[in-house]
Every structure is written in structure tokens, then in C-alpha cells.
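A.B. asks: Here is my input; please provide its structure:
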Amino acid sequence: MSISTAISLDRVSRVIGYKLKKANFGLNTPNLPHRIAVLGEGNTANQAGFDTSPFSFISAKEVGDRYGYGSPLYQMARILRPIAGNILGGIETVIYPQMEVGSATVIKVGVTVATTVTANAVHKIYISGRDNIDGVSFKYSLAIGDDAATVRQKIIDAVSNVLAAPCTAAEATLDIDFTTKWAGLTSAGLQVRFDTGGIAAGVVYSEVSNTPGAGEPDVAASLALFGDEWNTDIVNSYGVSTFSALEVFNGVADPDLPTGRYEPTVFKPFVAFWGSLLSDKDDVVAITNAAARLSQMTNILAPAPNSEGFPFEAAANMCASTALIFVNTPHVGNGGKAYPDMPIPADNDIGDFSSYDARDFMAKRGASTVLLKNGAYTVQDMFTSYHPAGETPPKFRKVRDLNVLWNGGFRWLIIMDRDVQDKAIVKDGEPVQVGDVIAPKQVRQLIGSHIDQMVSLAMYTDAAFSKASADVEIEGTNPARLNIFFRVKITSTADIVSPDVEFDFNFSS
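C.D. replies: Model (predicted):
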């Protein structure tokens with residue numbers, strides 16, 4: 001065997017050659033690179049020529065320009081890619097958009113002024129829990145003598161001046177119509193609240209009517225576009241109605257018959273975040289503990305109990321609190337991490353989520369949980385709905401554990417592609433004088449190095465156990481097939497810390 005092929009062996013005439021070959025001398029393999037896919041709608045004004053193909057974005061502005069400022073897609077993008085700071089690093093964020101379906105939400109608010117405004121004052125509007133978006137405020141100034149029409153116009157101007165507002169405001173026969181910029185059931189989350197700052201100035205605000213939007217797109221066409229891309233984290237703006245479609249597409253890691261994205265020849269599974277404002281434990285578990293959810297490992301509750309924000313904002317927040325951790329430090333989870341940008345209740349009341357017993361109740365039934373700390377929702381548990389009866393502990397409940405398992409699979413596939421597949425299979429100990437060969441003993445060595453690396457990264461533990469379980473054979477009926485088996489033990493995180501402390505009095509002098 002020649003150690004160089006820069007000049008082919010059939011050449012005779014005098015010459016010097018030089019050839020470059022790509023190689024990978026490193027034994028380490030990288031962490032799984034996460035990729036965030038966002039499912040959502042654009043504004044009504046952006047529906048003409050609406051492009052449903054995937055769109056990779058690096059800023060919220062790109063999304064606003066393309067799909068409309070204030071749209072669900074923009075609101076999720078501004079959380080994932082905020083104007084200030086970079087909470088996702090180099091993680092790719094991709095929109096898989098859907099055209100709007102149905103009708104918009106309209107909230108009609110009456111503005112009454114007895115005669116004219118009686119004092120100079122500054123009032124502000126909270127639109128779905130926010131009195132500003134990216135520093136642009138919904139405030140307006142009242143002056144003594146303003147009449148009702150003047151006040152209404154100031155309110156309309158305050159909303160119109162915020163490009164990223166999720167709604168428009170317009171005069172409607174002595175009232176103001178607040179109308180979402182997009183149509184569909186997701187628009188029903190619109191809330192409008194006025195704050196007088198303690199100085200009413202003779203102005204009375206009252207909600208006259210609330211007509212929620214209706215209609216939801218089908219996400220099937222968007223999921224079909226995933227193809228060979230490994231979208232690890234889905235921000236699902238639609239919630240419960242899409243559960244079945246996402247679960248069927250993603251599949252399950254069944255030991256006998258894995259399906260969907262868990263199929264061995266695919267193995268590009270994901271988790272999907274859905275937001276909820278529910279605060280009652282029984283209402284929450286009615287969703288996560290439903291019979292259809294017990295064996296599913298796809299959908300993850302992103303709770304924001306009693307928030308005035310949109311539920312899809314909670315989904316984006318949970319994802320944002322997680323993704324970079326899962327890329328850089330996959331051995332840990334996001335417990336104790338705060339949502340970066342989610343409106344909290346004005347009275348700080350988060351209902352049952354404030355009780356440990358209630359959180360434990362929900363967690364045992366497939367629900368993620370949060371607490372309110374330092375003015376932000378803070379993750380306590382991040383779970384899929386997976387909790388089949390009799391399985392203790394549920395193997396695919398913790399999202400952190402799924403990420404560890406995905407990392408193990410991702411790393412092992414790199415090793416197989418780099419060092420095993422397409423090599424000539426030889427017997428252990430058989431002398432060969434050529435390259436590109438593989439023997440079962442070498443595969444066992446690769447398993448050992450893979451296990452050692454995963455242990456060193458605190459994702460696997462008990463390397464000796466795993467190495468002892470390794471088995472490699474040439475298939476008896478197909479000489480072109482290697483059968484490989486090994487067991488792993490994944491690590492856990494210290495979610496519960498339980499100290500007992502004994503004490504006594506000091507009786508000695």
C-alpha cells in the first residue's frame with residue numbers, strides 16, 4: 001500500500017506533487033446544536049403574497065418587516081431576539097409561518113368625560129400586560145379642558161405611535177375600537193387596561209364589548225417542511241389544538257417501534273413549547289393529564305399564571321430561558337432561570353403556582369411549573385406530558401433528560417459516520433495492510449471513548465457499567481451489517497435537596 005496518492009501509481013515521468021486531504025484528528029464530538037422553529041401568523045396587512053416558506057432571522061426587525069410589527073411572529077421574535085442583548089448566541093431561529101384564518105379580536109372601550117378634563121394628568125394603557133414595547137410607551141397627557149373627543153384622539157395616537165403594538169385603535173361612534181392586527185383564535189388574548197396613576201381627572205374608562213377572534217391554521221404543511229433539518233425546539237403559538245399534529249409528527253421513542261422523528265433512520269426529535277395563563281392546578285392538569293398525553297414526549301407547558309400577556313409570549317419565554325443552556329451546558333437544566341420578558345400579574349397573584357404542594361401536584365401530572373421571584377416568572381420544573389401509569393420515574397418526563405439523550409445520539413452518529421460506516425469489515429486481530437477497515441474490537445473501543453467523553457461532560461455516569469455492556473457483532477445473515485449494543489446511565493440534576501439537621505443544647509461549661 002502506498003502512503004501517498006498525490007501522484008497516481010501509474011505515473012512514470014519525473015514530477016513533484018502535493019495534495020491536500022480533509023481530516024478530523026480530534027476525538028471529541030460537539031454538543032447538539034439546537035435550532036428553534038417558530039410557528040405563528042403574520043398581520044392581516046401582510047397577507048397579500050404571504051410566503052409560507054421557512055425564514056431564518058437574526059433580529060425582530062427582520063420579522064416585523066416581513067410579517068408585520070405586532071403580529072404573533074413579531075412578538076415571539078422580539079423575545080427570542082431582543083433589541084438589547086443576545087440571549088440565544090448563535091442558535092439559529094427559523095420561522096415556519098402560517099397564513100391567517102378567521103377573524104380578529106375587537107375590544108370596544110368607552111371613554112366618558114363628564115364635561116371636560118378637570119386636572120392635568122398622565123394616563124397610560126396596558127395592552128396585554130405591557131405599558132410599553134421596547135421602550136416606546138402607551139402613555140398620553142391630559143390637560144385641563146380636554147373634551148371626550150380630544151381624550152379619545154390622544155389614546156388613539158398613543159397606540160398608533162407604538163409600531164410594535166399588537167392592535168390598532170380607532171374612533172367608533174364615541175368609543176374606541178382596539179382591533180388586533182391579525183386574525184385568529186390567538187388574537188383572543190388581547191387585553192386592554194387603563195391606569196390613571198391615581199388622578200382620574202374626570203375621565204372614566206369602561207369596556208363596552210369584547211369580540212374575540214376565531215380560527216386556527218393547520219400546521220401540517222409547515223411541519224412537512226422540516227425535512228432533514230433538526231429543529232430541536234418549537235415555539236407553538238397555537239397551543240392545545242395543535243398537540244395531536246405535533247405528537248404524530250414527532251412520534252415517540254418506543255423501544256419496540258419508535259415513530260416519527262424518533263425513527264432510527266431519522267432521529268431528529270423535538271420538544272414544542274405552548275403557553276398558558278391558567279393559574280388553577282385542576283385546570284392545568286385537565287390538559288397535561290389527559291389520557292392522550294400520558295405517553296407523549298412532545299408538548300411542554302410554558303406557564304405564565306394570571307399574566308395579561310399573550311400565551312404564545314410565554315412559550316417564547318420558556319424557550320428563550322432554555323436553549324442556550326441546553327447547547328453550552330447540556331448536563332444541567334433551566335431550573336431557577338427567569339423568563340426574560342413576560343408581563344406578570346399587577347397584584348403578583350399567580351394562583352396555585354405559589355403553593356409547593358400544588359406545583360408538586362401539577363408536576364406529577366406532566367406540567368411545568370414556575371414561581372414569581374424578583375418580578376419575573378422563574379422556572380421550577382420543565383416537563384413534557386409524559387407520565388404513563390406504573391413507570392417510576394417517567395423516563396421521558398424531564399426535558400433536560402431528553403436533551404442529554406439527544407446529545408448522546410448526536411455524538412454517536414458523528415462517530416459512526418466518521419469512523420465506521422463504509423469501512424471494510426474485518427475480523428478482530430486479522431492482519432491488514434490497507435486503511436478504511438473496521439473490526440468489532442475497534443467499534444468497542446469507539447464505544448468506550450464515547451462513553452468516557454459523555455461521562456467527562458457529566459451527561460453519563462458509571463462508565464464501567466456501560467463498557468461492560470458493549471457488544472458488537474457481524475450480522476450472521478448480512479455480512480455488510482454491524483450490530484451494536486450498549487447501555488448507558490444518564491445523570492440527574494439536584495432538583496430536590498432534602499437536609500435533616502439534628503440539634504441539642506450545649507450542657508457543658
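A.B. asks: list the contacts for the residue nearest in space to the middle of the chain?
C.D. replies: With distances taken as CA atoms, centre = their mean, Cys319 lies nearest the centre of the chain, 3.1 Å away. Residues in contact with Cys319 (CB atoms under 8 Å, 6 or more residues apart in numbering) are 36, 80, 233, 235, 273, 302. For glycine as for every other residue, the C-beta is placed from the backbone atoms N, C-alpha and C.
A.B. asks: In three-state terms, label it for me.
C.D. replies: Classification of Cys319 using DSSP: H, G, I helix; E, B strand; the rest coil returns helix.
A.B. asks: sorry, back to before: possible to save the contacts of Cys319 as a markdown table with neighbour count, pLDDT and distance to Phe486?
C.D. replies: Shown next, in a markdown table, are these (neighbours: other CB atoms under 10 Å; pLDDT from 0 to 100; distance: CB to CB, whole Å):
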| residue | neighbour count | pLDDT | distance to Phe486 |
| --- | --- | --- | --- |
| Ile36 | 25 | 98 | 31 |
| Leu80 | 24 | 98 | 37 |
| Asp233 | 25 | 98 | 28 |
| Val235 | 30 | 98 | 35 |
| Phe273 | 26 | 98 | 32 |
| Ala302 | 30 | 98 | 35 |
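A.B. asks: now, which of those residues lie within strands?
C.D. replies: Judged by DSSP state E, strands contain the following of these: 36, 233, 235, 273, 302.
A.B. asks: Name the residues linked to the fourth one by a beta bridge.
C.D. replies: According to DSSP bridges, Val235, Ile300 are recorded as the beta-bridge partners of Phe273.
A.B. asks: Work out the gap between stretch 269-279 and the centre of the chain.
C.D. replies: Centre-to-centre, stretch 269-279 and its host chain are 8 Å apart (CA atoms, centre = their mean, to the nearest Å).
A.B. asks: same deal with stretch 193-203?
C.D. replies: Counting by CA atoms, centre = their mean, stretch 193-203 comes out at 38 Å from the chain centroid.
A.B. asks: Not counting that stretch itself, show me its contacts.
C.D. replies: 109, 111-126, 131, 142, 151, 205, 308.
A.B. asks: Report the separation between Ala316 and Phe194.
C.D. replies: Ala316 sits 27 Å away from Phe194, going by CB to CB, to the nearest Å.
A.B. asks: More neighbours: which of those two?
C.D. replies: Higher neighbour count among Ala316 and Phe194: Ala316, with 29 against 18, using other CB atoms under 10 Å.
A.B. asks: Show the residue spans covered by the helices in the stretch 51-200 of the chain.
C.D. replies: Remark: helices assigned in the stretch 51-200 of the chain by DSSP state H, counting those that start in this stretch are 60-67, 72-80, 148-160.
A.B. asks: so which of the ones you listed is the most packed in?
C.D. replies: Ranked by mean neighbour count, the helices of the stretch 51-200 of the chain are led by helix 72-80 with a mean of 27 (mean count of other CB atoms under 10 Å).
A.B. asks: Now do that helix against helix 60-67: the angle between them, please.
C.D. replies: Relative orientation of helix 72-80 versus helix 60-67 (axes from the mean of the first three to the mean of the last three CA atoms, to 10 degrees): 170 degrees.
A.B. asks: now for helix 72-80, which elements pack on it?
C.D. replies: The elements that helix 72-80 packs onto, with contact taken as 3 or more CB pairs under 8 Å, 6 or more residues apart in numbering; DSSP states H and E, are strand 35-41, helix 60-67, strand 92-98, helix 311-320.
A.B. asks: could the ones you listed go into TSV alongside distance to Thr392?
C.D. replies: Converted to TSV, the helices and strands packed on helix 72-80 look like this (distance: least, CB to CB, whole Å):
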stretch	distance to Thr392
strand 35-41	32
helix 60-67	43
strand 92-98	37
helix 311-320	26
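A.B. asks: Let me know which of those is the nearest to Ser160.
C.D. replies: Among those, helix 60-67 comes nearest to Ser160, with 15.7 Å by CB to CB.
A.B. asks: chain center to that closest one, what's the gap?
C.D. replies: The chain centroid and the centroid of helix 60-67 are separated by 20 Å under CA atoms, centre = their mean.
A.B. asks: Then stretch 360-369?
C.D. replies: That offset, for stretch 360-369, works out to 18 Å (CA atoms, centre = their mean).
A.B. asks: One more: stretch 243-256?
C.D. replies: Distance of stretch 243-256 from the chain centroid (CA atoms, centre = their mean) equals 17 Å.
A.B. asks: And stretch 83-99, by the same measure?
C.D. replies: Stretch 83-99 sits 11 Å away from the centroid of its parent chain (CA atoms, centre = their mean).
A.B. asks: and that stretch, how far apart are its ends?
C.D. replies: End-to-end distance for stretch 83-99: 26 Å, by CA to CA, to the nearest Å.
A.B. asks: Could you give me the buried positions within it?
C.D. replies: Buried residues in stretch 83-99, counting neighbours by 16 or more other CB atoms under 10 Å, are found at 87-88, 91, 93-99.
A.B. asks: pLDDT weak spots in this protein?
C.D. replies: For the chain, the stretches flagged by pLDDT under 70 are 1-3, 7, 14, 21-27, 509.
A.B. asks: quick revisit: out of the buried residues of stretch 83-99, the closest to Asn407 would be?
C.D. replies: Nearest to Asn407 out of these is Ile91 (CB to CB; 14.8 Å).
A.B. asks: now the closest one: how far from Ile234?
C.D. replies: Distance check for Ile91 against Ile234: by CB to CB, it reads 13 Å.
A.B. asks: Overlap of the contact sets of those two?
C.D. replies: Taking CB under 8 Å, 6+ apart as the criterion, Ile91 and Ile234 both touch Ile36.
A.B. asks: got the contact list for the nearest residue in space to Asp146 that is not next to it in sequence?
C.D. replies: Among residues not flanking Asp146 along the chain, Val117 sits closest, at 4.1 Å (CB to CB, 6 or more residues apart in numbering). Val117 makes contact with 142-147, 151, 201-203 under the criterion CB under 8 Å, 6+ apart.
A.B. asks: of those residues, buried ones?
C.D. replies: Using 16+ other CB under 10 Å as the burial test, these include 142, 146, 151, 201-203 as buried.
A.B. asks: got the residues you listed as TSV, with distance to Ala253 columns?
C.D. replies: Below are these laid out as TSV (distance: CB to CB, whole Å):
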residue	distance to Ala253
Leu142	60
Asp146	64
Val151	59
Ala201	61
Gly202	64
Val203	59
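A.B. asks: Which members of the residues you listed occur in strands, if any?
C.D. replies: Residues of the buried ones among the contacts of Val117 located in strands (DSSP E): 142, 203.
A.B. asks: Pick the one among the buried ones among the contacts of Val117 closest to Ile176.
C.D. replies: Nearest to Ile176 out of those is Val151 (CB to CB; 9.7 Å).
A.B. asks: Could you measure from the closest one over to Asp131?
C.D. replies: Distance check for Val151 against Asp131: by CB to CB, it reads 18 Å.
A.B. asks: ok, now Tyr238?
C.D. replies: Taking CB to CB, one finds Tyr238 at 27 Å from Asp131.
A.B. asks: These two - which one has more neighbours?
C.D. replies: Neighbours were counted for Tyr238 and for Asp131 using other CB under 10 Å; Tyr238 has more, 25 against 14.
A.B. asks: I'd guessed that one sits against Pro72; true?
C.D. replies: No. Using CB atoms under 8 Å, Tyr238 is not in contact with Pro72; the gap is 9.2 Å.
A.B. asks: what sits in contact with each of these two?
C.D. replies: Taking CB under 8 Å, 6+ apart as the criterion, Tyr238 and Pro72 both touch 40, 186, 312.
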